[in-house]
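In: need a structure here:
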Amino acid sequence: MIEIDASNQPLGRLASKIAQFLRGKQSPSFQPYILSKEKVMVSNAGKMKFTGRKMEQKKYYHYSGYPGGLKEKKMKDVFEKNPNEVLRRAVWGMLPKNRLRKEMIKNLQFK
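Out: Presented below is the predicted three-dimensional model:
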C-alpha cells in the first residue's frame, strides 16, 4: 500500500503520480496488460492546491442519454461536497482508456 499526503500539492501533478502507481509503472515487472496489485491511499484531499481560476471555470458534465439531459457542475461545488471526487475524476482521466481502467480505479482509496 502506497500512502500519499495530498496537502499543498497541485491537483494535476498529484493525479498523474497516482495514475502511474495504479498502473504499476514503478514495478520492474511492469506489463501494460496486467493489473497492478498496488493500492494507493490518499489523505488530506481537501487540502489540495489549485492554480489559476479552476475552481470557478472548470466544469464537470454528466449526460443522462435523454434530450436536454446534459448536466454540468462547477468544480467548486463538487469540491465543497466531496474533495475526493475531484481527485478521483482527475485520476480517472489519466488512466488508459481500456478494460482495466475500472479495475485500476478501485485500488484508489481515501482516508
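In: and the pLDDT for the nearest residue in space to residue 56 that is not next to it in sequence?
Out: Once flanking residues are discounted, residue 56 sits nearest to residue 76: 6.3 Å by C-beta to C-beta, 6 or more residues apart in numbering. Glycine gets a C-beta too; all of them are placed from N, C-alpha and C. Residue 76 is assigned a predicted lDDT (pLDDT) of 97.
In: can you report how many residues lie near residue 76?
Out: A total of 16 residues lie near residue 76 under the criterion other C-beta atoms under 10 Å.
In: now do residue 39
Out: Count around residue 39 with other C-beta under 10 Å applied: 14.
In: before we move on, what about residue 103?
Out: Using other C-beta under 10 Å: residue 103 sits among 12 other residues.
In: name the nearest residue to it, sequence neighbours excluded.
Out: residue 35 (5.3 Å).
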